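**Student:** would you be able to build a 3D model of this:
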Amino acid sequence: MSRVGKNPVKIPTGVNVDVAGQSVTAKGKKGEHRIFLSKEVEIKRDGDKIWVKPRSDSLFARKMWGTARNNIKNLVNGVAEGFSRSLEINGVGYRAQVQGKTLVIQLGFSHEVRYPIPNGITIACEEQTRLTVSGADKQRVGQTAAEIRDFRRPEPYKGKGIRYTGEYIFRKEGKKK
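**Tutor:** Predicted coordinates for the structure are as follows:
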């Protein structure tokens, strides 16, 4: 029995959820999103809760049970509150700024890196060395933050690069004379 799947998803006030077959649509203050779930699970709405049950006792159906429940939870939380990921830029001369729908980052290359901001994602630069990626879709927020981080991953000797806020970088000792 899935410990995650057996719990219902609570629908907060201000969010409208429609369940039609294997499609779940949620509309809230952060926008409207829809997901399509596997045919192995059954979705029912009961008042302000959504229940997910496996259709059979197969291994795949039990795997999809907890996955579908968490996908619905992320959908509902995304349109209600949204998700965000914070990044820090460390290094001399390393900085970022948002110009229209483009993120411009200087990372010590001979050129600046221009990253087009995807639809549904908001990037804010509070300072030149701090970025916040936010949006209603948890997967797209995480993917966008990971793509930005991949431009210059933190290196273990000086710690220069782009890292998540609170991420620990294992530091190595340099060469000895």
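
**Student:** contact partners of whichever helix in the chain runs longest?
**Tutor:** Ranked by residue count and defined by DSSP state H, the top helix of the chain is helix 59-80. Helix 59-80 is contacted from outside by 2-5, 7, 9, 11-12, 14-15, 17, 24, 26-33, 35, 37-38, 40-41, 43, 50, 52-55, 83, 135-139, using CB atoms under 8 Å, 6 or more residues apart in numbering. Placement of C-beta: from N, CA and C, glycine included.

**Student:** from the chain's centroid, how far away is that helix?
**Tutor:** Computed by CA atoms, centre = their mean, to the nearest Å, the separation of helix 59-80 from the middle of its chain amounts to 14 Å.

**Student:** now the helices for the protein?
**Tutor:** Secondary structure of the chain by DSSP H: the helices cover 59-80, 138-149.

**Student:** a markdown table for those, including mean neighbour count?
**Tutor:** What follows is these, written out as a markdown table (neighbours: other CB atoms under 10 Å):
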| stretch | mean neighbour count |
| --- | --- |
| helix 59-80 | 20 |
| helix 138-149 | 18 |
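
**Student:** can I get those in a markdown table with distance to Leu87 and mean pLDDT?
**Tutor:** Output for those, formatted as a markdown table (distance: least, CB to CB, whole Å; pLDDT from 0 to 100):
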| stretch | distance to Leu87 | mean pLDDT |
| --- | --- | --- |
| helix 59-80 | 20 | 92 |
| helix 138-149 | 6 | 95 |
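
**Student:** out of the ones you listed, flag the one nearest Thr102.
**Tutor:** Thr102 lies closest, by CB to CB, to one member of the helices of the chain: helix 138-149, at 12.3 Å.

**Student:** separation between Leu103 and Gly66?
**Tutor:** When distance is defined by CB to CB, to the nearest Å, Leu103 is 35 Å away from Gly66.
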